[in-house]
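>>> make a model of this:
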Amino acid sequence: MTETPDPRPSGATPEHQHEPTRDLGPIWETEPQGQPAYAAPPPRRHRGAGLAAAVLATSVLAGGAAGVGGAAAWQEWGPESTSATTTSSGTASASPVLDAAPAPAATDGSVQAAAEAVLPSVVKINVSGGGGSGSGSGVVLTEDGQILTNHHVVEVAEEGGTITVDFADGSHARAEILGLDPLTDTALIQAQDVSGLTPASIGSSSALAVGQDVVAIGSPFGLDATVTSGIVSALDRPVDVGTDSEGNATVYPAVQTDAAINPGNSGGPLVDLAGRVVGINSSIRTTGSSSPFGQTSEGGSIGLGFAIPIDEIMPIVEQMAAGEAPTHARLGISVSDVGASSGSGSGSGVPAPETDGALVVDGAQVRTVGAGSTAGEAGLQEGDIITGIDDRAITSADSLVATIRSYRPGDEVTVTFERDGEEQTTTLVLDSDADQS
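I've put the predicted structure just below:
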């Protein structure tokens, strides 16, 4: 039993889960299966069918808008031709004078310098399989071709599909999957018969600060080696992109950025201005929009992009590179948002806390405690409201899951919780999901 937000009551459908983040989805760029119609791949076997359909449909619509409306819009509103034009008197005007001076050298700490440092390590990943085809991005980790990307980018090739990688120098290679981890949306692939690649420099997401400049690089809508920049908009933002058939949530404490991230950026790096990878771009929040051609689509950047912190990913990568199954920290409980009733997904009958007119307590309310779990041994009980892990405030069920995901099995944490209106603390050592039966 793992901690998961809003456990589903018997008979509920996936559409009833995670209402506040329904429009969050992986940013995997699907390819058209013919013109002009686009078909979404079948639902994933290990995820909720409703979620998979919603996520992939969003990507397909976004891809269609970029492939059709985007090109037409550029032709209509793009820069005018710089060739000679004819005046009303019939004489040709002079051609513009072109400045052939070289671009200025990149200065340390600039977006240009960061892009120059990382671009040789960023790849485009093309995937096809029984569930469809599409493209995403990846980051070179080793000279011999280990590449980090998102689970949702390559999972369609998990059973008999194909993966090809386009490198920055224009070369190509086939690749195979070394490891997949849906709970952190992480994957490691191995490019075949390559050497001398340029590994990316890995930074630390724990050193990030809100307002800091960052750069996103990837292949949005198939446009490889695209560079965008922005700032860190928020840290430790709980992002929930789904729940598998066993009730385990893909939730991570995301780095939020306003750097433009679009379908196809999935798996690409978010880097600081020193050119160090601090996150892997994975999801965006979208809103419906209308094109100049009367079409309505969903998908594309509105300045709300989310990257998985690199500090959370690298221990998982090391396990996959060693051929091990990824492990994750766990408390051994199930939780819901405070006050959630059985009708909204708790299913346990645990009553909401009495407030006597006071403000409702933010936190994650314990619904069940696993037998022999570290939480149970530390004295946590059904109905307790967890409000903090170490120095991090816990405001919701997703907040707790995301925070615990940022730790490793065996880490010691201090849990702050409320019981009967009184604040208490307990210290415990986090379990590992490798111990689950």
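
>>> what strand or helix carries Val154?
helix 151-154 (DSSP states H and E).

>>> give the next helix or strand downstream of that helix.
Counting by DSSP H and E, the next helix or strand C-terminal to helix 151-154 is strand 162-166.

>>> quick one on the thing from earlier: what packs against the helix holding Val154?
Using 3 or more CB pairs under 8 Å, 6 or more residues apart in numbering; DSSP states H and E, the elements in contact with helix 151-154 are strand 122-129, strand 132-140, strand 172-181, strand 186-191. In this view, the C-beta of every residue, glycine as well, is placed from N, C-alpha and C.

>>> could you rerun that using 6 Å?
The contact analysis (3 or more CB pairs under 6 Å, 6 or more residues apart in numbering; DSSP states H and E) places helix 151-154 against strand 186-191.

>>> what comes into contact with the next helix or strand after the strand it packs on?
Per DSSP H and E, strand 186-191 leads on to strand 201-202 as the next helix or strand towards the C-terminus. Strand 201-202 has contacts (CB atoms under 6 Å, 6 or more residues apart in numbering) with Gly275, Arg276, Val277.

>>> list the strands paired with strand 201-202, with their directions.
When sheet partners are counted by DSSP bridges, strand 201-202 sits next to strand 276-285 (parallel).

>>> on that earlier part again, buried residues, the helix holding Val154. List them.
Within helix 151-154, the residues that count as buried by 16 or more other CB atoms under 10 Å are His151, His152, Val153, Val154.

>>> partner residues bridging the residue lying closest to the last one once chain neighbours are set aside?
When the adjacent residues along the chain are set aside, Val154 lies closest to Ala187, with 5.0 Å between them (CB to CB, 6 or more residues apart in numbering). Residues in a beta bridge with Ala187, per DSSP bridges, are Thr149, Leu180.

>>> what do you get for Ala307?
Counting by DSSP bridges, Ala307 is bridged to Val255, Asn281.

>>> check contacts around it.
Going by CB under 6 Å, 6+ apart, Ala307 touches Val255, Leu270, Gly279, Ile280, Asn281.

>>> what about the helices in this protein?
Taking DSSP state H, the helices of the chain run over residues 49-64, 71-77, 111-118, 151-154, 310-321, 374-377, 397-405.

>>> tell me the confidence at Asp411?
For Asp411, the model assigns a pLDDT of 96.

>>> cool, and Glu29?
At Glu29, the predicted lDDT confidence score is 57.

>>> picking that back up, wait, the residue nearest to Val154 sits on Thr149?
Yes. Assessed by CB atoms under 6 Å, Ala187 is found in contact with Thr149 at 5.2 Å.

>>> coming back round to it: what about the residue nearest to Val154, how many residues nearby?
Number of residues near Ala187 (other CB atoms under 10 Å) recorded here: 31.

>>> again, but for Ser206
Ser206 sits with 12 neighbouring residues when counted by other CB under 10 Å.

>>> try Pro409
By the criterion of other CB under 10 Å, Pro409 has 17 neighbours.

>>> contacting residues for it?
By CB under 6 Å, 6+ apart, the neighbours of Pro409 are Thr327, Ala329, Leu430, Ser432.
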